[in-house]
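# dropping a prediction and its sequence here:
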Amino acid sequence: MAPRRFDLAVPVKFGLGGDQGLAVLASGFPELHATTCNTSAAQEVVQQTLTAGASTLTYDPVTKQYQYVWKTDKSLAKTCGRLEVTLIDGTTHSANFQFN
């Protein structure tokens, strides 16, 4: 199997009321689930960050936010999906994306 080629890094930012350490994601998460594109839904501009490497999670003590740099694959172009993030406390959060 050929290695996946990552073409876009999407910064996913969230807060947990302070620094809870970097082991906050449940095993196997985040996950991407394919969805039907909804062209009437509100959309936000996604800023591109780095284009190489693996997905990473960091914490910024100044902004008190976590940032998960989600590396996406070129094959996602022209599709939609729901990114699900489950934390070690069992809570699940999601965000919908349209890849143009």
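All right, it came through fine. Note that the coordinates shown come from a computational prediction; the quantities given were computed from them, not determined experimentally.

# buried ones in stretch 10-23?
Across stretch 10-23, burial judged by 16 or more other C-beta atoms under 10 Å covers 10, 12. Placement of C-beta: from N, CA and C, glycine included.

# gap between it and the chain center?
The gap between where stretch 10-23 is centred and where its chain is centred comes out at 12 Å by C-alpha atoms, centre = their mean, to the nearest Å.

# again with stretch 70-89
For stretch 70-89, the distance to the chain centre is 6 Å (C-alpha atoms, centre = their mean).

# could you count how many residues lie near residue 66?
Neighbour count for residue 66, taken as other C-beta atoms under 10 Å: 20.

# which stretch of helix or strand covers it?
Using DSSP states H and E, residue 66 maps to strand 65-73.

# ok, and what's touching the very next helix or strand once past that strand?
Going down the chain from strand 65-73, the next helix or strand is strand 79-86, by DSSP H and E. Strand 79-86 is contacted from outside by 12, 14, 25-26, 29-38, 68, 70, 92-99, using C-beta atoms under 8 Å, 6 or more residues apart in numbering.
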